[in-house]
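Chemist: kindly generate the corresponding structure for this input.
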Amino acid sequence: MTYDDGSYDASPDDRLVAPEAGSEEAALESALRPRTLDTFIGQQRVKDQLGLVLEAAVARGRAADHVLLAGPPGLGKTTLSMIIAAELGVPLRVTSGPALQHAGDLAAVLSSLVPGEVLFLDEIHRMSRAAEEMLYLAMEDFRVDVIVGKGPGATAIPLDLPPFTLVGATTRAGLLPGPLRDRFGFTAHMDFYDAADLERILVRSAALLDVPLDSDSAAEIASRSRGTPRVANRLLRRVRDYAQVRGEGHVDFAVAQAALALYEVDEIGLDRLDRAVLDALLRRFGGGPVGLSTLAVAVGEESETVETVCEPFLVRAGLLARTPRGRVATPAAWVHLGLVPPVGSAAAVQAAMLPFDAAGDDDASATGDEAGPQA
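Modeler: Okay, the predicted model is just below:
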């Protein structure tokens, strides 16, 4: 949402390209989730490794090893946890790190598990230290010590737990302490999806949503989905709405392009806030280097919003670099916005070394020469 003062609310509920789930997306996502490993598209390496772990556990008739799913939001960690329970044929219990702020909270969850049950702990890196230390013993020995009383009279009562499988999900694996990471028998590092896998996901989702979708439209939506299935499905729903209201109900290439243009998602997946950050960096600061706080003030946002919401994709797309002196635009950023780097700048030297077709046509260069900042 853009406010009267020019600031921009970058909450997941407003940003179509946000990888985090919005508050109203749970039911919609649930309808689109695959139920088995065979129907899960992408992440082939993880699927092969995880399938072996689960098949071996079923053959032994025992609970599977604890599993840690690590990777950026929106790549299918929650879906995989549900698939793990389904493949093992056991119930699934869902909770999250922020909900376990006391050891008693975790003890209550663990003590109610049934043998073999899968406990999915989302955002495991946000669990409190007290609960974390209790989890060590529970994962290794299937036991917790419940403290009764306070002070010198406190007593630890051991409580045996049934064998269970913990599936932890985290977007920041580096924040997990070593002792906790070491207790997971299998760790899956999930990567961003390529365009071909996203197209297959879109075709499957379109069939479930009863949306007529041709291959060209699927490819166009996939190319703007930032390698994230959650973003792809969200864009598909918005394109479907456009086709229903302003088209004939069928999603073709022209409808997909018009809908994405209306929602200000460009050809590589940048939205309005992303382009505002790049535009400020290029036009106001000559491509940098510029400090994070200064850049945030220039776009009317908090520093944390720019750093955590915009920068990860801009860096991954090769449009922005973080340096000890501040944020710097790459030659690709100038090309993407149709601007020309200031003469003599490092970006100008690198852009001159690009092939002609990568640097843009004559019209784009002329436009950039008029609008581009001067050193």
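Chemist: got the contact list for residue 88?
Modeler: By CB atoms under 8 Å, 6 or more residues apart in numbering, the contact set of residue 88 is 54, 57-58, 64, 116, 118, 165. Glycine gets a C-beta too; all of them are placed from N, C-alpha and C.
Chemist: which residue ranges of the stretch 251-375 of the chain form helices?
Modeler: 253-262, 272-279, 292-298, 303-305, 311-316, 331-336, 346-352, 356-359, 362-371 (DSSP state H, counting those that start in this stretch).
Chemist: no no, the stretch 101-250 of the chain
Modeler: Secondary structure of the stretch 101-250 of the chain (DSSP H, counting those that start in this stretch): helices located at 103-111, 129-141, 178-181, 195-208, 215-223, 229-246.
Chemist: could you dump the ones you listed to JSON lines with mean neighbour count and mean pLDDT?
Modeler: Output for the helices of the stretch 101-250 of the chain, formatted as JSON lines (neighbours: other CB atoms under 10 Å; pLDDT from 0 to 100):
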{"stretch": "helix 103-111", "mean neighbour count": "18", "mean pLDDT": "84"}
{"stretch": "helix 129-141", "mean neighbour count": "18", "mean pLDDT": "84"}
{"stretch": "helix 178-181", "mean neighbour count": "14", "mean pLDDT": "84"}
{"stretch": "helix 195-208", "mean neighbour count": "18", "mean pLDDT": "90"}
{"stretch": "helix 215-223", "mean neighbour count": "21", "mean pLDDT": "90"}
{"stretch": "helix 229-246", "mean neighbour count": "21", "mean pLDDT": "88"}
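Chemist: now tabulate those helices in CSV and tack on distance to residue 341.
Modeler: Formatted as CSV, the helices of the stretch 101-250 of the chain follow (distance: least, CB to CB, whole Å):
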stretch, distance to residue 341
helix 103-111, 54
helix 129-141, 48
helix 178-181, 43
helix 195-208, 29
helix 215-223, 26
helix 229-246, 30
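Chemist: with residue 266 as the reference, name the closest of those.
Modeler: With respect to residue 266, and counting by CB to CB, the nearest of the helices of the stretch 101-250 of the chain is helix 215-223 at 10.3 Å.
Chemist: tell me which stretches of the stretch 1-150 of the chain form strands.
Modeler: Using DSSP state E, counting those that start in this stretch, the strands of the stretch 1-150 of the chain run over 67-70, 92-96, 118-122, 143-148.
Chemist: of these, which is nearest residue 272?
Modeler: Short answer: strand 118-122, nearest of the strands of the stretch 1-150 of the chain by CB to CB, at 29.2 Å.
Chemist: who touches that closest one?
Modeler: Strand 118-122 has contacts (CB under 8 Å, 6+ apart) with 77-78, 81-82, 84-85, 88, 90-97, 100, 109-110, 113, 127, 164-169.
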